[in-house]
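Visitor: Provided below for reference: sequence and predicted model.
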Amino acid sequence: MPFTRHLAVLAAAVGTLVALGGPAMAAGDQDGTEGTRVTGVHILSAADATLLPDVHSPEQLAASCPADHFCGYGDAEGYGKAWKGCGRADNPWRGTGWWINNLPGTRDRVAMFDRRTGKKSYVTPHSPSRDLTGDWTNVKFMQLCVA
């Protein structure tokens, strides 16, 4: 991968990690303690996500996606991410890509919410499941661990 592409991937990843890990402030929360629940939804922090910079195919994502995680990849951005835990995760990608769901237990699905309306637009099948022809364009955020 050319050096400039590495820089672009790193810049996108840092922006995503800041967005995921920045303080989630609820009304009356003046200190912005990370992990604060906002309207009953836990915002996953940077500590809950692992950057997968060397993933460039569905096979690599499958091999890199640990048990107990939901993993995704965006073609345009050129990197993958793995989330562990339950809560809301902002979607860092646009355009095509893929996802792999290895979440455990009975709440092992992921709901995806529309970028324009904010309403639930898709729920993954139970784990283990995957979509190798996904499109992240209209996904604003994901809610991990839904029944």
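Guide: Structure received.
Visitor: let me see the ranges of the helices in this protein.
Guide: Along the chain, the segments classed as helices by DSSP state H run 3-21, 58-64.
Visitor: for the longest one, give the mean pLDDT please.
Guide: By that I understand helix 3-21. Helix 3-21 shows a mean pLDDT of 38.
Visitor: how close does Arg116 get to Trp136?
Guide: 14 Å (C-beta to C-beta, to the nearest Å). Where C-beta positions appear, they are placed from N, C-alpha and C, glycine not excepted.
Visitor: between those two, which has more neighbouring residues?
Guide: A count of neighbours by other C-beta atoms under 10 Å puts Trp136 above the other of Arg116 and Trp136, at 24 against 8.
Visitor: who are the contact partners of the closest residue to the more buried one other than its chain neighbours?
Guide: Nearest residue to Trp136, sequence neighbours excluded (C-beta to C-beta, 6 or more residues apart in numbering): Trp93, at 4.0 Å. Trp93 makes contacts with 72-74, 76-77, 136, 139, as judged by C-beta atoms under 8 Å, 6 or more residues apart in numbering.
Visitor: please tell me how far Trp93 sits from Glu77.
Guide: 5 Å.
Visitor: cool, Lys119 as well?
Guide: In this view, Lys119 and Glu77 are 25 Å apart by C-beta to C-beta.
Visitor: those two: which has the busier surroundings?
Guide: The neighbour comparison of Lys119 against Glu77 (other C-beta under 10 Å) goes to Glu77, with 19 against 8.
Visitor: right, and Ala76 touches Gly95 too?
Guide: Yes. Counting by C-beta atoms under 8 Å, Ala76 does reach Gly95; the two are 4.5 Å apart.
Visitor: where in the chain is pLDDT low?
Guide: 1-47 (pLDDT under 70).
Visitor: can we see that at 90?
Guide: Applying pLDDT under 90 to the chain flags the ranges 1-58, 76-78, 85, 133-134, 147.
Visitor: all set now, cheers.
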